[in-house]
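Participant: Just need the structure, nothing else, for what follows:
(chains A, B and C)
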Amino acid sequence: MTDFPKTSPGASGLQLREGLLFEAGTPGRKGASLPAAGVPDVDPAAELPAELLRGEIDGMPELSEPEVVRHFVRLSQWNYGIDSGPYPLGSCTMKYNPKSSEAFARLGGFAQAHPMLPEEDCQGALQLGHELERALSEIAGFAATTLQPAAGAQGELCGLLMIRAYHQARGNPRKKVLVPDTAHGTNPATVTLAGYQAVKLPSGKDGVVEPAAVAAALDEDVAALMMTNPNTLGLFERNVREIADLLHAKGALLYNDGANLNALVGVARPGDMGVDVMHFNLHKTFATPHGGGGPGSGPVGVVEALVPFLPIPTIRKILPHEHGPAHFSLDFDRPKSIGRLRTFWGNFGMWVRAYALIREWGPEGVRKTAQLAVLNASYLRKLLEGDYHLPFSAASLHEVIFSDRKQRDHGVSALDIAKRLIDHGFHPPTIYFPLVVPGALMIEPTETESPEAVEALAAALKAIAREAVEDPKAVQAAPTRTLVRRLDEVRAARQPVLRWKPKAAER
Amino acid sequence: MAYPDDLKYTKDHEWARPNGKVVTVGITDFAQDHLGDVVYVELPKVGEQVKKGEPFGVVESTKAVSELFAPVSGKVVEVNTPLVDGPESINEDPYEEGWMIQVEVDDAKELDGLMTADAYQKFLAESEE
Amino acid sequence: MRYHPHTDADVRRMLAAVGAPSLEALFASIPEGLKLKRPLRLPDAIDEHALGDYLAGLAGKNRAAPPFLGAGAYPHHVPAAVDQLLLRSEFYTAYTPYQPEVAQGTLQAIFEFQTFVCLLTGLEVANASMYDGATACAEAALLALRLHRERRKVVLSRALHPAYRDVVHTYLVPGGAEIELVPYDAKTGRTDPAVLARALDAKTAIAILGSPNFFGIVEDVKSAAAAAHAAGALLGVAVTEPLSLGMFAGPGDLGADIAMGELSSFGNGLNYGGPGVGFFAAREAFLRQLPGRLCGETVDLDGRRAFVLTLSTREQHIRRENATSNICTNNGLCALAATIHLAILGKAGLRELALVNWRRAHYARHALGGGRFSGPGFNELVVPADGAALARARERGLVPGLPLGRFYPELEGQLLTCVTELHDRARIDSLVEALRG
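Facilitator: Residues are numbered from 1 along each chain as shown, chains lettered A, B, ... in the order given. Modelled structure (predicted):
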């Protein structure tokens, strides 16, 4: 049995139980500080039809501010964030979120700028957007980048809609998009949403897409191939240039899912590899906080041929005729655009954060990021290759995939390993993805982890590998040190309870 | 894993039990094991037409959703509605309590094209996921 | 660089352990011809203080004082407690709660968010949030089209926010569904239910109204719902200003099948339009068609109540003919901000704040001669304003509203003005003087 005080950091702390907001409080309590109207006290019931109106909403909580604050402080203590410890989720790039970015995003002129302000009243916001667009385009090697999509999945949709518009402008939208079997689940779903049929492309024996496989699947009905590079096995798709040439010869386009850009920044650019369109995940490589599930931001870079199809509006820099300051403008006059994807212009708050980090990195820092990310992953791989099964011998980049094959011999699965890692004080890696590796453990340390942190993670995984042999039941029972133990997910799906109900509404 | 000899099987892991003109349909032991705990099943209404090889419903577990493909063509004459509130029968007893629909077949010869228990087990061994 | 812990000595040691001669050698799997051979053309690295100065300069070029602008984003006061709680690392640096044992804080907060959305809308189920109101609106259209595959038409009121209509169009293009627009009544500013009914038929999957609509007018949702249901279609209500639900009946209570929109008015600043927080609520019957994430209640091994993401197979759904949304993210932190703010407002505060907004807008409307439309408004109104009036407002340092001519040519010379609790009486009086001349 693992002796926790010696092998893991810290000891169990005090976490306080807390019910739902709606289960606390008392009638008449209020937490808000509100101004008086300061205008005549008109009664809406006197002016508006009764059926349109409602009184106070039954079930809304009645709490003082101290109760609300205590509630959420307690809830926060049940969470593990990247600020708590390593969070080596493969393909998620959970890296440190810069604190200065949080301060910058909160500057009054950013946080309180209304999106519909006249242009002369928001030049600072537009300028920042323009500068970010230039930086991202340069980093990935594209002619232009839209900052509008809300997250990676919407970036994918944006990219595919532009591909569709491109083909449509040539008289035939085409029917199919090729998707490697290592792709993230959003890829085929996006393909369908964009009106195409997803055709699965098998990866070769060594984990990358082979040109022969592409050639075999390629015909005049194929609109594009959606690739992730490096792929979800952490391997560089070395045939990318040849594949791009094959596609282009048939009039098809190459889409790159940029989720793994952290391995490439400053070292290689997808735009130089024949990629026509790529989405960025600002919440991955560019360290905007994950926020417990969002918000993200998914800009999309394109080659010159796709620029006319960018969503509206784009941000345009107008150079002065005389010697005056540059002027920035939202450009809606783009007749070939795929249209709008958002209420407004994009997740500006995340633009500020990503921009700040790129400015602090400078060109050298960008490159160092990829180098150290790959160094950390390579080091981790070296430390663990004796303890866990490595399904692919090829050199991996910023993430490494192991499988639970050795541990399965003792009845211990990837899930058990993940849960036991929690007991050691680490967030688990990604498990059971990609699907081509049964029992996968996809580990991405990122460049912001110190060597000591990487070594501590490796030590914990080694301890679990040993425990799997000596005391598999202990691993299967994990986690044991958390607020709650393994959850009954079947019950949650069979008897969905998705909200609290006021007493009167209960059956 | 169990594969009763009196049933016919499809490549999509459905089974068919003929009884005169009426065929009972469900999913095999392999399918329920592969899916994991079934949380929900969507079945057609009595009177609807189903077509061989086309989806007639959906079965959902915590980790996957699968379409259900009709092994024969015909009219749905009975639906195992208790499955909606008790989908666990599909895991616990896929060939009896877990039956899904009963179809009045247009052409009984369609059953000839389906696999025997032996052929299905061979098919599983070859597919080896 | 402060976010790169590795010293040169660390790098040497690790390279030796890995057996690589240099950092460059770690990228041997990338063909040489594909590598970047020059430094990136980016500004040189800058320190925190200098960067802060530069960004303060940019921020200083934006107007921060609350404008009289709504049009989908509403200036409201966010209590200090919200932001301080949001800055707790465990909330904002956490990932999606896929490992529920170490994410109960996020998960319980999502469950509370879903509950708030149901309470506000009067509907039975709500998801964990969406990107924004416009995409939530598009998702409502997609849901209706999935539900009734033989119905290929979506009917939208022309008074629905123009961006929402545009985004619905963008999302519907690939599937080939048809969009029909229904005009608004020139006198009331509302969608006439009789006119709406004439546009609905057996081909209609859903009709969507904004309420309050783009003109700030609350629609006759009850009649619209009856008309939609009579045609066998769904009724969706898009809410851009959810504070209105503090005094106006919830769409679900009035017969709507789906209510979605933007919840940023609670807890989130304007942030130049993003990130937002979309919400999506529907009748229980549509549970398995809901896009986005869902958080549900369950128990752990020891029988303790706990929360977990559930029904997640809908998200990774790759059934081609039945593609549901591809959405992966919810807007977790923004949803948390809304949840905290709603908890602070509470039962009485929500209504009180709604009434402050309504009364101030009411005051402005009366001072300006009643407004263009006679329908019931919340905190926005449409008033005439010519070039001279706009110039007078500008001279007083005011942003008086949004000229509507660009979006509705027939409303050239009209202004959409928004009044909230951030605009005190003196400021409203100044606006009124400017516009009246």
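Participant: Closest to the centroid, which residue in chain B?
Facilitator: In chain B, the residue lying closest to the centroid (Cα atoms, centre = their mean) is B:G26, at 2.5 Å.
Participant: correct me, but C:V299 touches A:R491?
Facilitator: Yes: contact between C:V299 and A:R491 holds when scored by Cβ atoms under 8 Å: they sit 6.9 Å apart. Every C-beta, even on glycine, is put in place using the N, C-alpha and C of the backbone.
Participant: and the two? which has more neighbours close in?
Facilitator: A:R491 (19 against 16; other Cβ atoms under 10 Å in any protein chain shown).
Participant: Let me see the backbone angles for the residue lying closest to that one once chain neighbours are set aside.
Facilitator: Nearest residue to A:R491, sequence neighbours excluded (Cβ to Cβ, 6 or more residues apart in numbering or on different chains): C:T298, at 5.0 Å. The phi/psi pair for C:T298 (degrees, to the nearest 10) reads phi -160, psi -160.
Participant: Dig out what the residue nearest to the centre of chain B forms beta bridges with.
Facilitator: B:W15 (DSSP bridges).
Participant: so where's chain C uncertain?
Facilitator: Low-confidence segments of chain C, defined by pLDDT under 70: C:314-329.
Participant: Which part of it gets nearest to chain B, residue-wise?
Facilitator: C:T313 (4.4 Å; Cβ to the nearest Cβ).
Participant: Can you tell me how far the residue minimising distance to the centre of chain C is from A:G292?
Facilitator: Nearest to the geometric centre of chain C sits C:E262, at 2.8 Å (Cα atoms, centre = their mean). Computed as Cβ to Cβ, to the nearest Å, the C:E262 to A:G292 distance reads 20 Å.
Participant: B:L35 too?
Facilitator: Relative to A:G292, and taking Cβ to Cβ, B:L35 is found at 30 Å.
Participant: And those two? Which one has more around it.
Facilitator: A:G292 (29 against 21).
Participant: Does the residue nearest to A:R491 touch C:V308 like I think?
Facilitator: Yes: if you go by Cβ under 8 Å, C:T298 and C:V308 touch, sitting 5.5 Å apart.
Participant: Up against chain B, what does the stretch 151-300 of chain C have?
Facilitator: C:R288 (Cβ under 8 Å from any Cβ of the partner chain).
Participant: residue in chain B nearest to chain C?
Facilitator: Residue of chain B nearest chain C, by Cβ to the nearest Cβ: B:V65 (4.4 Å).
Participant: dump the residue contacts of the residue nearest to that residue when sequence neighbours are not counted.
Facilitator: Using Cβ to Cβ, 6+ apart and skipping the chain neighbours, the partner closest in space to B:V65 is C:T313 (4.4 Å). Going by Cβ atoms under 8 Å, 6 or more residues apart in numbering or on different chains, C:T313 touches B:60-65.
Participant: and for the longest helix seen in chain B, what are the contacting residues?
Facilitator: If you go by DSSP state H, chain B has its longest helix at helix B:117-127. With contact meaning Cβ under 8 Å, 6+ apart, helix B:117-127 is reached by B:3-5, B:7, B:9, B:11, B:28, B:30, B:115.
Participant: Inside strands: which ones of the residues you listed?
Facilitator: B:Y9 (DSSP state E).
Participant: Dump the contacts of helix B:117-127 to JSON lines, plus pLDDT and distance to C:A28.
Facilitator: Shown next, in JSON lines, are the contacts of helix B:117-127 (pLDDT from 0 to 100; distance: Cβ to Cβ, whole Å):
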{"residue": "B:Y3", "pLDDT": "92", "distance to C:A28": "51"}
{"residue": "B:P4", "pLDDT": "94", "distance to C:A28": "56"}
{"residue": "B:D5", "pLDDT": "93", "distance to C:A28": "58"}
{"residue": "B:L7", "pLDDT": "94", "distance to C:A28": "56"}
{"residue": "B:Y9", "pLDDT": "95", "distance to C:A28": "50"}
{"residue": "B:K11", "pLDDT": "92", "distance to C:A28": "44"}
{"residue": "B:T28", "pLDDT": "95", "distance to C:A28": "48"}
{"residue": "B:F30", "pLDDT": "92", "distance to C:A28": "44"}
{"residue": "B:M115", "pLDDT": "94", "distance to C:A28": "50"}
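Participant: Derive a ChimeraX selection command for the buried subset of the contacts of helix B:117-127.
Facilitator: Buried residues among the contacts of helix B:117-127 (16 or more other Cβ atoms under 10 Å in any protein chain shown), as a ChimeraX selection:
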select /B:3,7,9,28,30,115
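Participant: For stretch A:319-332, C-alpha coordinates in PDB please.
Facilitator: Extracted in PDB, the C-alpha atoms of stretch A:319-332 (Å, rounded to 0.1, in the frame of the first residue of the first chain):
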ATOM      1  CA  LEU A 319      -3.200  53.600 -43.500                       C
ATOM      2  CA  PRO A 320      -3.500  57.400 -43.500                       C
ATOM      3  CA  HIS A 321      -3.200  59.400 -46.700                       C
ATOM      4  CA  GLU A 322      -1.200  62.100 -44.900                       C
ATOM      5  CA  HIS A 323       1.000  61.600 -41.900                       C
ATOM      6  CA  GLY A 324      -1.500  60.700 -39.300                       C
ATOM      7  CA  PRO A 325      -2.200  57.700 -37.000                       C
ATOM      8  CA  ALA A 326      -3.400  54.500 -38.500                       C
ATOM      9  CA  HIS A 327      -7.200  53.900 -38.200                       C
ATOM     10  CA  PHE A 328      -8.800  50.600 -37.500                       C
ATOM     11  CA  SER A 329     -12.100  49.500 -38.800                       C
ATOM     12  CA  LEU A 330     -14.600  46.600 -38.800                       C
ATOM     13  CA  ASP A 331     -15.000  45.500 -42.400                       C
ATOM     14  CA  PHE A 332     -18.500  44.100 -43.200                       C
END
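Participant: Can you list the neighbours in contact with it?
Facilitator: Contacts for stretch A:319-332 (Cβ under 8 Å, 6+ apart): A:119, A:123, A:126-127, A:129-130, A:312-318, A:345.
Participant: cool, and stretch C:424-435?
Facilitator: With Cβ under 8 Å, 6+ apart as the test, stretch C:424-435 has contacts from A:35, A:38-39, C:68, C:360, C:363-364, C:367-368, C:383, C:385, C:389, C:392-393, C:395-396, C:398, C:400, C:415, C:417, C:419, C:423.
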